[in-house]
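Based on what follows, work out the 3D shape:
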Amino acid sequence: MQSKKSKVLTVSIIVAKAKNNVIGKDNQLIWKLSADLKHFKKHTTGHFIIMGRKTYESMGKPLPNRTSIVITRNSEYSIPEGHYIVHDLQDALELTKKNHQEKVFIIGGGEIYKQALAFTDELLITEVDCHPEGDTYFPSIDPEDWKIVQKETHQKDEKNEYDFSFITYKRA
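Down below sits the predicted model:
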């Protein structure tokens, strides 16, 4: 008798953060990093992406070739057809599983990242070599819980205003 193995959902956080964990100010990114935008697109295209309402509003519309799940307490909130509104992170993860996804990306903002860290299997972090002022932060990463499995360092250039590294962490 064959058993059907159920697919496990991999929860991945993707974020660009400064050395001081700042990720934004006034609901906007605070740097110009063309390579990070390409990195984000490469990883998230074709997947469900979970975000808070403010993050969604900062983008202005659903990103192409991705399915947005927006978390908001506002029961009147609406987004274009083919995308979803939920009221908490647990509902967002359940919706992803019901849609038979193998991987989902948490894309922000600060409060959603804080809630999601306990459920996350992988962190895709673009660490930006700067210490800007901001009003939104990524939670601290406990080195007891996470190990670096890949790191790729890049120098600033005409399209990237700071030095930065793409770092992949897996749960220890």
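
count of residues packed around the nearest residue to Ala172 once chain neighbours are set aside?
Of all residues not flanking Ala172 in the chain, Lys147 sits nearest, at 4.8 Å (CB to CB, 6 or more residues apart in numbering). (Glycine included, C-beta is placed from N, CA and C.) Per other CB atoms under 10 Å, the neighbour tally for Lys147 reads 11.

Show me the contact partners of the helix or strand hosting Lys147.
For Lys147, the host element (DSSP states H and E) is strand 146-154. Here strand 146-154 makes contact (CB atoms under 8 Å, 6 or more residues apart in numbering) with 35, 123, 160, 163-172.

The following helix or strand past that strand pairs with which strands, and in what direction?
Using DSSP H and E, the helix or strand that follows strand 146-154 in sequence is strand 164-171. Applying DSSP bridges, strand 164-171 is found paired with strand 122-128 (antiparallel), strand 146-154 (antiparallel).

Give me the pLDDT value at Asn27.
On pLDDT, Asn27 comes in at 89.

scratch that, Val128 is what I was asking about
On the pLDDT scale, Val128 gets 98.

Just among the contacts of strand 146-154, which is most surrounded?
Phe164 (25 neighbours).

Tell me the bridge partners for it.
Val128, His154.

Looking at pLDDT only, which of the contacts of strand 146-154 scores worst?
Ala172 (91).

Would you mark the buried spots in stretch 68-80?
Buried residues in stretch 68-80, counted by 16 or more other CB atoms under 10 Å: Ser68, Ile69, Val70, Ile71, Thr72, Ile79.

of those, closest to Ala92?
Using CB to CB, Ile69 comes nearest to Ala92 of these, at 4.7 Å.

quick one: the closest one from Asp121, how far?
Separation of Ile69 from Asp121 (CB to CB, to the nearest Å): 17 Å.

what does Ile23 give?
From Ile23 to Asp121 the distance is 20 Å (CB to CB).

So which of the two has more stuff around it?
Ile23 (21 against 14).

residues making contact with the helix or strand that contains that one?
Taking DSSP H and E as the definition, Ile23 sits inside strand 22-24. With CB under 8 Å, 6+ apart as the test, strand 22-24 has contacts from 15-17, 29-30, 108-110, 113, 131-138.
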